[in-house]
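**Q** my questions are about this predicted structure, shown below with the sequence.
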Protein chains: 2
Amino acid sequence: MNISEETFLINFGIHVRQLREKKGISQKDLANDCGITKSQISRIEVAKINTSVKTLVKIANALDVEPKELFDFSIK
Amino acid sequence: MNISEETFLINFGIHVRQLREKKGISQKDLANDCGITKSQISRIEVAKINTSVKTLVKIANALDVEPKELFDFSIK
């Protein structure tokens, strides 16, 4: 398999934003629920941060999805 | 959902080791394929590192699995 890390990060960010919007949660609310900053959420969504596994778990918990669902998208 | 970040990291590390061993790859070989150090791989497998999304993609590529498969395990 040869997935580009950058392409994955971009698609991952789009997927997080789609999950968040589907739940009707603002970046600020998601950030508060995760205990991280709004700017961190916004930079994750536009692939400006190479975030960590622990932050992924925080986001999954806040969006009430399994962590693996955060990676359940097809690369465009 | 309220998954503990630490418990997730521990289970994730065990899962990476199981995937690696199933492929018959040593930590050293996996590290070389990923372009990271053997000690990084070993610390990921024992949850001593909170690794990043890009490293996850490197590991998935090297193990020839989809990144979401790295999170496809049940929390014990």
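**A** That came through fine.

**Q** now the element after the helix of greatest length in chain A, going C-ward?
**A** For chain A, the helix with the greatest residue count under DSSP state H is helix A:5-22. Beyond helix A:5-22 on the C-terminal side, the first helix or strand identified by DSSP states H and E is helix A:27-34.

**Q** give me the distance between the residue nearest the centre of chain A and A:E69.
**A** For chain A, the residue nearest the mean C-alpha position is A:V16 (3.6 Å; CA atoms, centre = their mean). A:V16 sits 10 Å away from A:E69, going by CB to CB, to the nearest Å. Where you see a C-beta, it was placed from the backbone N, CA and C, and this is true even at glycine.

**Q** before we move on, back to that, which residues touch the residue nearest to the centre of chain A?
**A** For A:V16, the contacting residues are A:44-45, A:59, A:63, A:70, by CB atoms under 8 Å, 6 or more residues apart in numbering or on different chains.

**Q** what do you get for A:A31?
**A** Contacts of A:A31 (CB under 8 Å, 6+ apart): A:37-38, A:40-41.

**Q** list only buried entries from the residues you listed.
**A** Under a neighbour-count criterion of 16 or more other CB atoms under 10 Å in any protein chain shown, the subset of the contacts of A:A31 counted as buried comprises A:40-41.
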